[in-house]
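# Below: sequence and its predicted model.
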Amino acid sequence: MEFFNGVGGDPLKPSLFELVAQEQLRDLLQPALKYVLAVFAQRYPRHLIRIVNRHEEFYAFIMLFVERHYLRKHNASFSENFYGLKRRRKPWITTERATAAVGGIPAGEKLRSREIWRSLFLLIAVPYLRAKGQDYYESLGGGIDSDILEDGGSERHIRELTDENIAGVLRRNFKTLYPWFNTGFEVWLLAHNVAYLFDRTPFYRPWLAWIGVDLRRLNMDDFLAHQAKQHIISSTKSGFLAVVRRLLLRSPQLLLDSLRLLLPTAIFFIKFLEWWYSPGSPARSLSISPLGPAIPPPQILPPHPAGITIDSTKYGHCPHCKEPIHNATALPSGYVFCYRCAHDHVEQHGNCPITLLPAKAWQLRKVLV
C-alpha cells in the first residue's frame, strides 16, 4: 500500500490520492464552464441561452476534442496530464530489466487508436449518460421533497407516474431502480479503489482493464522525449513566412495545450469570485457603500390580540401548525409560515393569522434559506 512517492513498491505507480485528485479536477470543469456561460447568457441571451439549455451536449462536444488531443499527444486525459500521469498500454509480460537496459520509452506503451477511442467513450460518453440520467430522475420528482414543488409541477409528476401505458410503467420503474443502480455503481467504484489501495489490482477503475491500459507517473524519459520534440520543431525553417505558417498550423494545438494552465486558473478565479460576492464573505465588510450606512430593517409588527399567539423561543417553527417550517413563505406582515399553511389561511380568511392585516395569495413570497 503506497501513500507517498518513492516509499516502497513501484515508484512510477500513482497513489490513490493522485488519482482521486485528477478526477475531482475533471468534475470541476463542467460546473465552472456552466457558471461562466450562465453569467454571459444573462447579457447575451439571444446567442447563449440555447447553449446553456443544452450544456451537457455542448460540454461533451468540447471535451471530445480536448481529450482526443491529449490522448494522442500526451497518452493521457486532460486531468491526468495536469497531475503528471499518463496512460500506458498494459504489457502482457513485464520487462522492467530489459526496458532499463535499453532506455527510453518502449514503443509498445504508446496508445493505439483502439485504446484512444475506448478511453474517449469512458471519459465522455459515460459521464454524459450519467448526467442525463440524473436530470431525468430529478424531472420525475426523484430526490426532491414534494413540499417544494409547485402545485402544477406536482400534478404533472403524479400524472406522468400514474399513467397505465408502457411509458408510464417505464418511468415508474426508472424512478424506482435508478437510486439503487447509482448506489451500486458508486459502491463498485469504491470497492475497486480499496482493492487498488491495497495492491489487489493494478487498475483503479474496472474499465481500464477492458481498455488495456494502466496509469503511470511521468518519468525522466517522458520529459526528455517531450524536449526532443520541441527541439525538432524549433530547428525547422526560421523565415518569416515559415514562422507564420507554422503558427497558423499549430495554433489549435497550442490552444489545447494552454488549457492545462488556463482551465485550472479559471476555476480558481471563479471560486474566488463566488467567495468574494458571497453574503458571508469577510471581504464584503471591507467595502464601504457610497450611499452611506445601510438602512436598518423595519420593526416587527405586534401581534393582534385576536390573532394566533407565537412562541418566540421556538425559532424555525411555523406559528400556525407548530411544526418545523417546510417551504418557508413570508406574508406582507413579515411573519413566516409553511407555504401550505399560509396559502390555505389566506385563501380562507384573506388576512395574516397573527396581525390580521389583509393579505392576498399573490402577495405570498417564498423565502430561500
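Sure thing, it's come through. Bear in mind the structure is a predicted one, so any value in this text is a computation, not a measurement.
# Going by C-alpha atoms from here, please, whenever you check contacts or count neighbours.
Fine.
# in the protein, what spans have low per-residue confidence?
Counting by pLDDT under 70, the chain has low-confidence residues at 1-9, 91-107, 143-163, 223, 226-257, 259, 277, 279-294, 369.
# need the strands for it, in chain order.
85-89, 213-217, 328-330, 336-338, 365-366 (DSSP state E).
# Report the distance from stretch 18-37 to the chain centre.
On the basis of C-alpha atoms, centre = their mean, to the nearest Å, stretch 18-37 sits 6 Å off its chain's mean C-alpha point.
# before we move on, the earlier item: turn the strands of the chain into JSON lines, including mean neighbour count and distance to Ile116.
Output for these, formatted as JSON lines (neighbours: other C-alpha atoms under 10 Å; distance: least, C-alpha to C-alpha, whole Å):
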{"stretch": "strand 85-89", "mean neighbour count": "23", "distance to Ile116": "10"}
{"stretch": "strand 213-217", "mean neighbour count": "20", "distance to Ile116": "10"}
{"stretch": "strand 328-330", "mean neighbour count": "20", "distance to Ile116": "51"}
{"stretch": "strand 336-338", "mean neighbour count": "25", "distance to Ile116": "54"}
{"stretch": "strand 365-366", "mean neighbour count": "16", "distance to Ile116": "50"}
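# want to throw those into JSON lines with distance to Asn193?
Output for these, formatted as JSON lines (distance: least, C-alpha to C-alpha, whole Å):
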{"stretch": "strand 85-89", "distance to Asn193": "17"}
{"stretch": "strand 213-217", "distance to Asn193": "14"}
{"stretch": "strand 328-330", "distance to Asn193": "42"}
{"stretch": "strand 336-338", "distance to Asn193": "44"}
{"stretch": "strand 365-366", "distance to Asn193": "43"}
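# Val346: neighbour count?
21 (other C-alpha atoms under 10 Å).
# if I look at it, how far off is Leu129?
45 Å (C-alpha to C-alpha, to the nearest Å).
# can I get the CA coordinates of stretch 332-350 in CSV?
What follows is stretch 332-350, C-alpha atoms only, in CSV (Å, rounded to 0.1, in the frame of the first residue of the first chain):
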residue,chain,number,x,y,z
PRO,A,332,-46.8,41.1,3.8
SER,A,333,-46.8,41.5,7.6
GLY,A,334,-43.3,39.9,7.7
TYR,A,335,-44.2,36.7,9.5
VAL,A,336,-43.0,33.4,8.0
PHE,A,337,-45.1,30.3,7.8
CYS,A,338,-45.2,27.0,5.9
TYR,A,339,-46.3,27.6,2.3
ARG,A,340,-49.4,25.4,2.7
CYS,A,341,-50.4,26.9,6.0
ALA,A,342,-50.0,30.5,4.7
HIS,A,343,-51.7,29.7,1.4
ASP,A,344,-54.7,27.9,2.9
HIS,A,345,-55.2,30.6,5.6
VAL,A,346,-55.1,33.5,3.1
GLU,A,347,-57.4,31.7,0.7
GLN,A,348,-60.0,31.1,3.5
HIS,A,349,-59.7,34.3,5.6
GLY,A,350,-57.8,36.8,3.5
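# re earlier: quick one: closest of the strands of the chain to Arg50.
Nearest of the strands of the chain to Arg50, taken as C-alpha to C-alpha: strand 365-366 at 28.4 Å.
# quick one: strands adjacent to the closest one?
The pairing partners recorded for strand 365-366 under DSSP bridges are strand 328-330 (antiparallel).
# quick one: contacts of the strand it pairs with?
Residues outside strand 328-330 that contact it (C-alpha atoms under 8 Å, 6 or more residues apart in numbering) are Val336, Phe337, Cys338, Tyr339, Ala342, Leu364, Arg365, Lys366, Val367, Leu368.
# one more time with 10 Å, if that's ok
148, 316-318, 335-343, 363-369 (C-alpha atoms under 10 Å, 6 or more residues apart in numbering).
# Report the separation between Leu28 and Lys73.
In terms of C-alpha to C-alpha, Leu28 sits 23 Å off from Lys73.
# if you go through the stretch 251-369 of the chain in chain order, where are the helices?
Here the stretch 251-369 of the chain has its helices, by DSSP state H, counting those that start in this stretch, at 282-286, 339-349.
# Mind listing what's buried along stretch 345-358?
For stretch 345-358, burial by neighbour count (16 or more other C-alpha atoms under 10 Å) applies to His345, Val346, Gly350, Asn351, Cys352, Pro353, Ile354, Thr355, Leu356.
# I'd like the residues you listed laid out as CSV, including distance to His69.
Formatted as CSV, the buried residues of stretch 345-358 follow (distance: C-alpha to C-alpha, whole Å):
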residue, distance to His69
His345, 62
Val346, 61
Gly350, 64
Asn351, 65
Cys352, 63
Pro353, 65
Ile354, 65
Thr355, 66
Leu356, 67
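# Lys13: neighbour count?
Using other C-alpha under 10 Å, Lys13 has 17 other residues around it.
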